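Novice: only geometry, no sequence info:
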């Protein structure tokens, strides 16, 4: 006779009032009941995102603003000899930028505080090549300060782009330039509030003005910038900010500027031997299956052919439909979308750009307005236990998840729609706090009395969204046929998008 059985036998014979006997029996069974109900979550697998990276994933879509002397010279790359006197936007209004970004569904704005030409949009203490020598606001203006106010007014995040190449600086190419660059970085990170992203591009030397030298200066982009010590400044001053470059350290370039993420997209990278400006474009789209760091991809693309405003491109602004395709090929492929919208010489976002952005928002809202899976009955071939049921994928809570049993690297979920329903989109999210696991998945629909495959896929990660031809289905099955560890899925949504 074990201890529990012994006490139960004694209690049943004891001359206690019935309510006391019930209480004692409850206390005897409580530890065993709790043990049966308690199921531990899966152990994390592989590299994991930091808190700053998790916050970045959730932003998904935000604005890039390319604006400098190039806007007034009609160039893409300034040489560095441009006079600050040409910078004079007649109606500059950062509030307009922020309102458009908010109305368009964007979550933040990243501005080119200094592009390759070296001209600074804030009154830097360390150079005269800035707005303080321009006629704009009689040299008293500070565009970063104005953007900060605008972002705060509209609830947007703010980020900064600081080009490591400077075609104006006389000391570029020497050790003195690193001290100058880092002082400017400190200005940006201490004077303008919270920064969510610091953008380091890969432009690394070439011909330039260089204080009047007008010569070619080459540097070793692998060693010259001493990136670890520059990154340390960001960590010190803005611990919540992510850093972008070809190789991270927090987020990576997707490898192209056409708006295309990779269908296979690991949030992982072997970055120890990588550096900004290196020849890595071919691998950055997919990342590394066996990467040892969490470094997800960001898709940067412009709403126009160029990055800076050119009047000749006014008629060539991307259409809402084209922007929708970019959304599917970026956010829909486990990447964030950084869409450039360059202000014109007035300092305003052009009417054509604004019209397209707002129509894209309307199109996107319609695309995902009819969600079909929320609250529907779900079943799975493998369930870890209580608290990790299949129903967690359709409860609308991103912090709950379905998990298969340990060692179960293939499993499937069936969502019962209750009746035949038109469906043509699927959205899937892994619970990435436990790592990226899925290697292969497929989607099949039950239609006409049989199962029909409509989607084949590889990685999932933070989010994938896939289109397929319109089907009338009573059930939808998502099969995770291969995973690096037991699948852990936080969200599955189904949509009936219009116009199909």
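Specialist: Happy to help now that I have it. All values reported here derive from a predicted model rather than from experimental measurement.
Novice: can you tell me the SS state at the nearest residue to residue 338 once chain neighbours are set aside?
Specialist: Of all residues not flanking residue 338 in the chain, residue 300 sits nearest, at 4.5 Å (C-beta to C-beta, 6 or more residues apart in numbering). Heads up, the C-betas are built off the backbone N, CA and C, glycines and all. Taken by DSSP: H, G, I helix; E, B strand; the rest coil, the conformation at residue 300 corresponds to strand.
Novice: quick one: pLDDT of residue 300?
Specialist: On pLDDT, residue 300 comes in at 98.
Novice: check residue 205 too.
Specialist: 90.
Novice: tell me how far it lies from residue 218.
Specialist: Per C-beta to C-beta, to the nearest Å, residue 205 is found 5 Å from residue 218.
Novice: which of these two has more residues huddled nearby?
Specialist: residue 205 (20 against 11; other C-beta atoms under 10 Å).
Novice: touching, that one and residue 177? I think so.
Specialist: No. With contact defined as C-beta atoms under 8 Å, residue 205 does not reach residue 177; the gap is 10.6 Å.
Novice: which residues touch stretch 220-231?
Specialist: Residues outside stretch 220-231 that contact it (C-beta atoms under 8 Å, 6 or more residues apart in numbering): 164, 173, 178, 181-182, 185, 200, 202, 204-205, 219, 243, 245, 249, 275-278.
Novice: ends of it, what's the gap?
Specialist: With C-alpha to C-alpha, to the nearest Å as the measure, stretch 220-231 spans 18 Å from end to end.
Novice: what residues of that stretch count as buried?
Specialist: Neighbour-count burial for stretch 220-231, counted by 16 or more other C-beta atoms under 10 Å, picks out 221, 224, 225, 227, 230, 231.
Novice: try stretch 399-412
Specialist: 400, 401, 402, 403, 404, 408, 409, 410, 411, 412.
Novice: who touches stretch 356-363?
Specialist: The contact list for stretch 356-363 (C-beta under 8 Å, 6+ apart) reads 100, 103-105, 303, 317-321, 323-324, 327, 341.
Novice: before we move on, the earlier item: unless I'm mixing things up, the residue nearest to residue 338 is touching residue 257, no?
Specialist: Yes. Using C-beta under 8 Å, residue 300 is in contact with residue 257, at 6.2 Å.
Novice: looking at the two, which one has more neighbours?
Specialist: Using other C-beta under 10 Å as the criterion, residue 300 and residue 257 rank with residue 300 on top: 23 against 13.
Novice: who are the neighbours in contact with the more buried one?
Specialist: Contacts of residue 300 by C-beta under 8 Å, 6+ apart are 64, 253, 254, 257, 338, 340.
Novice: wait, the last one sits on residue 307?
Specialist: Yes. Checked against C-beta under 8 Å, the pair residue 340 and residue 307 is within contact range at 5.7 Å.
Novice: list the residues that contact both of these two?
Specialist: Taking C-beta under 8 Å, 6+ apart as the criterion, residue 340 and residue 307 both touch residue 66.
Novice: let me have the buried residues of stretch 220-231 in CSV, adding secondary structure, distance to residue 458 and pLDDT as columns.
Specialist: What follows is the buried residues of stretch 220-231, written out as CSV (DSSP: H, G, I helix; E, B strand; the rest coil; distance: C-beta to C-beta, whole Å; pLDDT from 0 to 100):
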residue, secondary structure, distance to residue 458, pLDDT
221, coil, 32, 87
224, coil, 37, 93
225, coil, 35, 94
227, helix, 31, 94
230, helix, 35, 96
231, helix, 31, 97
